[in-house]
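**Student:** A structural model of the following input is requested.
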Amino acid sequence: MRLAGIILGIVVVAMSATPAAAQPWKPSKPVELVVGSSPGGSPDVMARLVQRIFQNGGLVPTSTVVNKPGAGNTIGWAYLNQHAGDGHYIATYSPALIGNRIMGTTQLTYTDFTPLNILAREYVVLAVKADSPITSLKELTTRLKKDSQSVSFAFATARGNHNHVVLSMYLKSIGVDPKAAKAVVYSGGGEALTAFLGGHIDVYVASPRSMVPLQKEGRARVLGVSSAQRDKALADIPTLKEQGVDAVFFTWRGFMGPRGLKPAEVTYWDAVFDKLAQTAEWKKDTEEQYWNADYLLSAKTREHLDKENDVMKAILTDLGLAKQ
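**Tutor:** Below is the predicted model of the structure:
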């Protein structure tokens, strides 16, 4: 009888513990959306769009965008990992997280975090001001072949990111050493755009969302885009490929958590972003930003990053930029 009582007691304890163990996680304080660059660039724009939908749709109780620019996003990502195991902190990320490590500018890479998703795909454009003497990609190529230092380029936010990769692919394709080009790296897209519009640099390597509206306003001229074929939303812009340049590449954008997130926290963010991706507001936002929908949840994202690591290493090695 005593043994039966003990067994019954164990069963009761186990049954009473099960509901508590199965409790889903949810934020108990404001969530921080960390951006490793200054306001104005694509990572910042994505974070603020997401934060707005969180609020408007009631997907997350309270959230705020926190900019931590510097060192090619590394300051922001290091800040994220100061909150290891805490699902109240998530950050934007892109191929720069992989490229920075391969180029030896940081020891951090995607395996040091908890990748949550990929939300969108974005191409890269080369653009000049509307009053620039450079009227076409052909004219730009001619100038660079005569003197690689005759034209200045600008991009954000780090060497080895998608903008740098496309610029390097373009230069290599026309026979110019990527390392010989005059390039300025800005900590954020807003800062780079100000320099571009102020006439401080000649060619801006950036996202379509930065340049296409300016072209429509008559303030910029887009010379080419890095897509494999003309995109429906960018039908009037010639690809670099169709102009004889071997430079087809795109970036992806999404969110990751700090290292050590618990399964319940990952499950929570999977559900939140799955709902976000289905909203009419998000679909409208991606169209307005010239982003292509490319949504992956956490499990598929890790698989994608494993493959992307190999792709980025091959590209950066080929361009002479890899150190890892």
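
**Student:** Going by C-alpha atoms from here, please, whenever you check contacts or count neighbours.
**Tutor:** Fine.

**Student:** ends of stretch 139-157, how far apart?
**Tutor:** 27 Å (Cα to Cα, to the nearest Å).

**Student:** got a list of contacts for it?
**Tutor:** 37, 41, 72-73, 134, 163-164, 174-176, 180-189, 192, 196, 201-206 (Cα atoms under 8 Å, 6 or more residues apart in numbering).

**Student:** For PyMOL, what selects the buried ones among those residues?
**Tutor:** A single PyMOL command selects the buried members of the contacts of stretch 139-157 (16 or more other Cα atoms under 10 Å):
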select buried, resi 37+41+72+73+134+163+164+176+181+183+184+185+186+187+188+189+192+196+201+202+203+204+205+206
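
**Student:** Which of the contacts of stretch 139-157 fall within strands?
**Tutor:** Counted as lying in strands by DSSP state E, out of the contacts of stretch 139-157, are Lys182, Ala183, Val184, Val185, Tyr186, Val203, Tyr204, Val205, Ala206.

**Student:** now, which of those residues sits nearest Leu80?
**Tutor:** Closest to Leu80 out of the ones in strands among the contacts of stretch 139-157 is Tyr186 (21.4 Å), distances taken as Cα to Cα.

**Student:** Mind listing the residues bridging to that closest one?
**Tutor:** Beta-bridge pairing for Tyr186 (DSSP bridges): Ala156.

**Student:** what about it, distance to Ala156?
**Tutor:** Distance of Tyr186 to Ala156, computed by Cα to Cα: 5 Å.

**Student:** Between those two, which contacts overlap?
**Tutor:** By the contact definition Cα under 8 Å, 6+ apart, Tyr186 and Ala156 are jointly contacted by Ala192.

**Student:** can you pull the buried residues of stretch 38-49?
**Tutor:** Within stretch 38-49, the residues scored as buried using 16+ other Cα under 10 Å are Ser38, Pro39, Gly40, Gly41, Ser42, Pro43, Asp44, Met46, Ala47, Arg48.

**Student:** where does the last one sit relative to Asp236, distance-wise?
**Tutor:** Put plainly, it is Arg48. 29 Å.

**Student:** repeat for the fifth one
**Tutor:** Computed with Cα to Cα, the distance linking Ser42 and Asp236 is 22 Å.

**Student:** before we move on, what about the fourth one?
**Tutor:** From Gly41 across to Asp236, the span is 23 Å (Cα to Cα).

**Student:** What sits closest to Ala293 if chain neighbours are left out?
**Tutor:** Ala120 (4.8 Å; Cα to Cα, 6 or more residues apart in numbering).

**Student:** Can you name the element that comes right after the top strand by length along the chain?
**Tutor:** Longest among the strand segments of the chain by residue count, using DSSP E, is strand 114-123. Next helix or strand after strand 114-123 toward the C-terminus (DSSP states H and E): strand 125-129.

**Student:** Could I get the average pLDDT for the helix or strand that that following strand is followed by?
**Tutor:** Downstream of strand 125-129, the next assigned helix or strand under DSSP H and E is helix 137-146. Taken as a whole, helix 137-146 has a mean pLDDT of 97.

**Student:** List the buried residues for helix 137-146?
**Tutor:** Going by neighbour count (16+ other Cα under 10 Å), the buried part of helix 137-146 is Leu137, Leu140, Thr141, Leu144.

**Student:** So which of those residues is the closest to Gly257?
**Tutor:** Among the buried residues of helix 137-146, and counting by Cα to Cα, the member closest to Gly257 is Leu137, at 40.0 Å.

**Student:** Noted, bye for now.
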